[in-house]
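Novice: quick one: sequence and predicted model below, then my questions.
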Amino acid sequence: MPANKSRSSAANPRLAVLTYFSAYASLPQTEAEALRTLIGRLTPFAAGSEILSAGALLDTPWLVASGWVCRATRLPDGRRQILDFYLPGDLVAFSSRPGAKAAAAYISLTRSECAPAGDLLRNIQDANPRWPVLAEICRTQEQQIEIRVLQQIVRNGRQTAYERVGHLLLEFYGRLRLSGLAPEGSFTLPLTQEILAEAVGLSTVHMNRTMQHLRRDKVIRTEDGLVTILNTPALLSIAGRLGTPNQPGALQREIWATQDLYAP
């Protein structure tokens with residue numbers, strides 16, 4: 001993906017969403033216009049603010065245009081486990097099941113901008129959706145949310161710290177490529193090591209040592225919040241057969257051509 005397009009996506013959150021959706025399928029003009037209208041109404045969320053509480057009905061979804069959001073739960077002593085991340089282009093608090101409730105809270109990890117996506121929810125629930133391509137993309141996103149949660153279980157339950165962190169970074173890279181936010185093997189990671197540790201079930205100290213290990217092995221480079229992948233085959237090997245959430249079409253082949261991550 002050309003670097004100038006990636007820079008444009010970073011500067012224009014609406015373009016990032018359009019790039020993300022277009023990576024899945026070519027949108028008919030009417031559906032592209034519908035998406036542009038949807039993301040024309042952005043609501044800002046401060047870092048640390050709750051977008052939706054656990055137990056709330058999943059009838060008011062959001063579409064992330066900029067920033068990073070997570071789904072998380074807390075133990076009685078205050079420790080937090082991050083269950084999933086939502087990046088530009090992702091649907092947050094989205095479920096096609098009528099009456100579904102949030103099993104965990106949705107929290108804006110950084111300052112973010114989100115568009116209300118109730119129209120997309122109603123479209124996917126309609127037996128004859130007026131935006132059939134958008135409906136299919138939303139179904140795919142919903143399936144990928146489930147895949148990511150299953151991978152999170154396997155990642156934290158069976159992988160070493162080195163493998164967990166490597167796989168998570170690989171996941172971020174692949175997903176950010178969809179919205180044009182990972183040019184030339186690099187992406188901005190605006191999260192603290194404490195937040196990353198909450199995702200992979202490590203202490204902050206262990207997280208720091210693991211990142212140092214990846215840098216020492218010249219797998220990645222980090223500088224001023226920018227992560228650069230120096231050795232993609234090595235990172236793929238570290239991530240192992242766990243793989244990453246499916247990427248669509250040609251982009252999937254481009255990113256993961258060096259290893260078949262989906263074979264049983």
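Specialist: Arrived safely, thanks for sending. Numbering: from 1, shown residues only.
Novice: hmm, Leu58 and Leu91 touching each other?
Specialist: No - Leu91 lies out of contact with Leu58 (C-beta atoms under 8 Å); the separation is 10.4 Å. To be clear about C-beta, it is placed using only N, CA and C from the backbone, and glycine gets the same treatment.
Novice: pLDDT score for Arg177?
Specialist: Note for Arg177: predicted pLDDT of 89.
Novice: what separation do you get for it and Ala23?
Specialist: Arg177 sits 8 Å away from Ala23, taking C-beta to C-beta, to the nearest Å as the criterion.
Novice: these two: who's more crowded?
Specialist: Using other C-beta atoms under 10 Å, the more surrounded residue of Arg177 and Ala23 is Arg177, with 23 against 20.
Novice: what about that one, which SS state?
Specialist: Secondary structure state of Arg177, per DSSP: H, G, I helix; E, B strand; the rest coil, is helix.
Novice: confirm Leu120 sits in a helix?
Specialist: Yes - the assignment for Leu120 is a helix, going by three-state DSSP.
Novice: distance of it from Ala93?
Specialist: Counting by C-beta to C-beta, the gap from Leu120 to Ala93 is 12 Å.
Novice: what's the answer for Gln212, then?
Specialist: For Gln212, the distance to Ala93 (C-beta to C-beta) stands at 35 Å.
Novice: so how far is the strand or helix carrying Ala115 from its chain's centroid?
Specialist: For Ala115, the host element (DSSP states H and E) is strand 112-116. Averaging C-alpha positions (C-alpha atoms, centre = their mean, to the nearest Å) puts strand 112-116 14 Å from its chain's average.
Novice: next: stretch 17-24.
Specialist: So, by C-alpha atoms, centre = their mean, the centroid of stretch 17-24 is 13 Å from its chain's centroid.
Novice: show me the helices in the chain, by range?
Specialist: 3-11, 13-24, 29-38, 118-125, 132-158, 161-178, 193-200, 204-216, 232-239, 249-256 (DSSP state H).
Novice: which one of these lies closest to Ser49?
Specialist: helix 193-200 (14.6 Å; C-beta to C-beta).
Novice: CA atoms only: put the closest one into CSV for me.
Specialist: Output of helix 193-200 as CSV, limited to C-alpha atoms (Å, rounded to 0.1, in the frame of the first residue of the first chain):
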residue,chain,number,x,y,z
GLN,A,193,3.2,-1.3,28.2
GLU,A,194,0.8,-1.5,31.1
ILE,A,195,-2.2,-1.7,28.7
LEU,A,196,-0.4,-4.2,26.5
ALA,A,197,0.3,-6.3,29.6
GLU,A,198,-3.3,-6.3,30.5
ALA,A,199,-4.1,-7.9,27.1
VAL,A,200,-1.5,-10.7,27.2
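Novice: quick one: that helix to helix 204-216, angle?
Specialist: With axes from the mean of the first three to the mean of the last three C-alpha atoms, to 10 degrees applied, the angle from helix 193-200 to helix 204-216 works out at 90 degrees.
Novice: I'd like to know which elements helix 193-200 is packed against.
Specialist: Counting contacts by 3 or more C-beta pairs under 8 Å, 6 or more residues apart in numbering; DSSP states H and E, helix 193-200 is packed against strand 69-74, strand 80-86, helix 132-158, helix 161-178, helix 204-216.
Novice: try 6 Å
Specialist: Helix 193-200 sits against strand 80-86, helix 204-216, with contacts defined as 3 or more C-beta pairs under 6 Å, 6 or more residues apart in numbering; DSSP states H and E.
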